[in-house]
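Colleague: pasting the sequence and the predicted coordinates here, then a few questions.
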Amino acid sequence: MSGVYYVYLKVHVKGQEGNWARFQLCFPSRYDADEFYRTLQVAQLVNPSSYIEGLVRTSPQFWCYSNSNWHHLVNIQRNGLVNEFRERIITTLLNDGDGGTRGFTIIPNPVTGPDWLDGGCFFIRNRRQPDQYWFVHNNHLHTSESRRDKFCITVSKPATIRGHPQQRQPEGPLVLIREDSVTVSVVLETTASTTVTRDNKYISIENGRDCTSVLVVNHIPYVWKFGELMCRSIGVRWEDERDAYGRELPMPLLKPMTYGADEWELC
């Protein structure tokens, strides 16, 4: 997912009820931002005094935390505690309540839709052509401008955060990151496909033509990497297929063996 992604971060200084600091964080993508959040989330459980405390995610682009000083976020970067993000984050201090003259930059690309959390139900659409949504047709996955089904994404094995191999998991739903192992299932109430049932609802793959594997509904959960699902492996056969009556057929989703993958997003 190319481009830049911004987050507001509000900091409460412990023991100083009216003292708040404000940061704007800039990342290469939403994935990088969510991975930074998960790293802070896991690290505060393992060693809260070295990292930040009281981390709260109000929305995908609005986070809060509390600490004994306002610049602790800067310190953990200077001290090398999050070196894996050295080329993936810009931290800017915004204007504060004591007359500071720094500008308060408005985020130019606020995201809409639900947060990308474990167990959430989402529509899935093409990032570059956002009128193309996933839906189930005759047990296969396709894209369409007029039809869409919802899908539930569930973490089967959380990613290991670098530097914390024996990590505890935060309470509550995890924000999804690229290295999470996940399963994808169709939300029954949203589909018109009669092949989808409580026992046959998982998105899987089967061998297709032209050295590709097509996406199908199966009774056995298929384990994906979340990043693989969203931006590394799934493509569409962009072709004008018609049935014997001349009706245009929906474009199938597939897992290319070499090229042809596209970018997708949850909404």
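Modeller: That came in fine, so what should we check first?
Colleague: against residue 235, how distant is residue 175?
Modeller: Going from residue 175 to residue 235 by Cβ to Cβ, to the nearest Å gives 26 Å. C-beta: built from backbone N, CA, C; applies to glycine.
Colleague: sorry, slip of the keys, the one I care about is residue 45.
Modeller: For residue 45, the distance to residue 235 equals 38 Å [Cβ to Cβ].
Colleague: so which of these two has more stuff around it?
Modeller: Set side by side, residue 45 and residue 235 show more neighbours around residue 235, with 19 against 15, by other Cβ atoms under 10 Å.
Colleague: ok, now which ones touch that one?
Modeller: 253-256, 260-262 (Cβ atoms under 8 Å, 6 or more residues apart in numbering).
Colleague: one more time with 6 Å, if that's ok
Modeller: Residues touching residue 235, when contacts are defined by Cβ atoms under 6 Å, 6 or more residues apart in numbering, comprise 254, 256, 260-262.
Colleague: tell me which of those fall in strands.
Modeller: When strands are assigned by DSSP state E, the members of those inside them are 254, 256.
Colleague: where's the dip in pLDDT among the contacts of residue 235?
Modeller: Lowest pLDDT of these: residue 256, 72.
Colleague: off-centre distance for the longest helix along the chain?
Modeller: What stands out as the longest helix in the chain, according to DSSP state H, is helix 30-46. Distance, stretch centre to chain centre, for helix 30-46: 12 Å (Cα atoms, centre = their mean, to the nearest Å).
Colleague: low-confidence ranges in the stretch 101-250 of the chain?
Modeller: In the predicted model, the stretch 101-250 of the chain carries pLDDT under 70 at residues 101-103, 162-168, 208-212, 238-250.
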